[in-house]
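> just coords:
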């Protein structure tokens, strides 16, 4: 077994043309381009997909390899997945050659192999360089071709950076250097994910409401912080794809994701010094006005250097745990404490601020002035309420969202009723003094 650590970048034609000359800046070994064919298999009921597994046969130079990727983690284009590779003589599945322990409990391999069928395929030319960057060796692959499923197909043009030896920080630094030239953006979807979507008819995705963070049981404060930013980044990446696909309203969801990142930095700011995220916050500050500007086209902004470098800064902040050198032993002990207990405390503080702002009648001009405050605290509740059942949290949150909507739409007739309704709900969290 190996664990891939790679970063996927979608590239414009200009970026593809410029790549070889850019890589000359670092020691590298170039390999002759190869034509690769990948055939992906699945059952009629999508059994492998339901297990977050992917199975393919890859052919290159009359040699074949069977690959199984199992459940892993994707952080805004940075993929980490266990991968099993087996050389085979012909392009015929032989599942018994994989390690037995990697399959779901009770899986009948003989029966599974009988019902697996080709689902989609990728055909592309791959050109590779092994680049020495920092103290690491990073394989840079340029893939150009197409993904097809039946009569449907879409172009494939991406650059993959895979860490062969060394440190993830070097991989991200190399990506940042390449980003300076523009024409690249992070891709969160693997070739397989794109192929599955084609195989399912290429149905257009719909915008998603920002969901309440559901942390893992017994999460530490640090784990909760990481999960908070990951939630925001996932929301950002998903709606970036929609915006590029023509959904102009998805831009607002990208801005919402950035606001959530900022709110997370505020929530955890008492434990993580601001100087640990200074560069990150500066890049967000530079990017936000460009996103607000409705005249900016997504095909321009999303492939710009500053856009990609901002996202890489976020990814790097998470992956390298950039706050740890700034917190010390006592600070780390606080980060290791219970996230649930931390949430209860912070929920109480947010509720107290909302109560102070809305516990008295406001005039029609004063109400809209409170909209930014209300929006920030609703984002805080999104990150802090997940330890409680939805049936407890939703009535409370829905009432404050209704007031937020009334203020945003300037429905003056609804201000007072919405305010009173929001204040009428009792807190759902523990140890509340309200």
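Sure, I can see it. This one's a predicted model, so the numbers in the text were calculated from it and none came from an experiment.
> burial count for residue 364?
The number of residues packed near residue 364 is 11, by other C-beta atoms under 10 Å. Yep, even glycine has a C-beta here, placed from its N, CA and C like the rest.
> Find the residue closest to it in space, skipping its chain neighbours.
Once flanking residues are discounted, residue 364 sits nearest to residue 412: 5.0 Å by C-beta to C-beta, 6 or more residues apart in numbering.
> and what of residue 393?
residue 385 (4.5 Å).
> what pLDDT does that neighbour get?
If you check residue 385, the pLDDT there is 97.
> what does residue 112 give?
95.
> separation between it and residue 51?
As for residue 112, its distance to residue 51 is 11 Å (criterion: C-beta to C-beta, to the nearest Å).
> Compare the two (neighbour count), which wins?
Neighbour count, other C-beta under 10 Å: between residue 112 and residue 51, residue 112 has more, with 18 against 13.
> ok, and the closest non-adjacent residue to that one?
Nearest to residue 112 is residue 95, by C-beta to C-beta, 6+ apart, at 6.5 Å.
> what sits against the one you found?
Applying C-beta atoms under 8 Å, 6 or more residues apart in numbering to residue 95 gives the contacts 109, 112-113.
> Return the member of those residues nearest to residue 353.
residue 112 (54.8 Å; C-beta to C-beta).
> any idea which helix is longest in this structure?
helix 221-244 (DSSP state H).
> Kindly confirm my reading that residue 248 forms part of a helix.
No: secondary structure assignment (DSSP: H, G, I helix; E, B strand; the rest coil) places residue 248 in coil, not in a helix.
> in this structure, which spans are strands?
2-11, 28-42, 54-60, 63-69, 73-75, 78-88, 117-133, 136-149, 152-165, 184-186 (DSSP state E).
> Break this structure down into its domains, please.
With automatic domain parsing as the criterion, the domains of the chain are listed as 2-199, 221-335, 339-423.
> Need the per-residue pLDDT for the residue nearest to residue 424 when sequence neighbours are not counted.
In space, and not counting its chain neighbours, residue 424 is closest to residue 399: 7.5 Å by C-beta to C-beta, 6+ apart. On the pLDDT scale, residue 399 is placed at 96.
> surely residue 399 meets residue 421?
Yes: using C-beta atoms under 8 Å, residue 399 is in contact with residue 421, at 5.0 Å.
> Give me the number of neighbouring residues for residue 18.
Using other C-beta under 10 Å, the number of residues around residue 18 comes to 16.
> Relative to residue 9, how far out is the closest residue to it other than its chain neighbours?
Leaving aside its sequence neighbours, residue 18 sits nearest to residue 181 (C-beta to C-beta, 6+ apart; 6.0 Å). Computed as C-beta to C-beta, the residue 181 to residue 9 distance reads 12 Å.
> is it possible to export the domains of the chain to TSV including distance to residue 214?
Converted to TSV, the domains of the chain look like this (distance: least, C-beta to C-beta, whole Å):
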stretch	distance to residue 214
domain 2-199	16
domain 221-335	9
domain 339-423	4
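> of those domains, which approaches residue 431 most closely?
domain 339-423 (5.3 Å).
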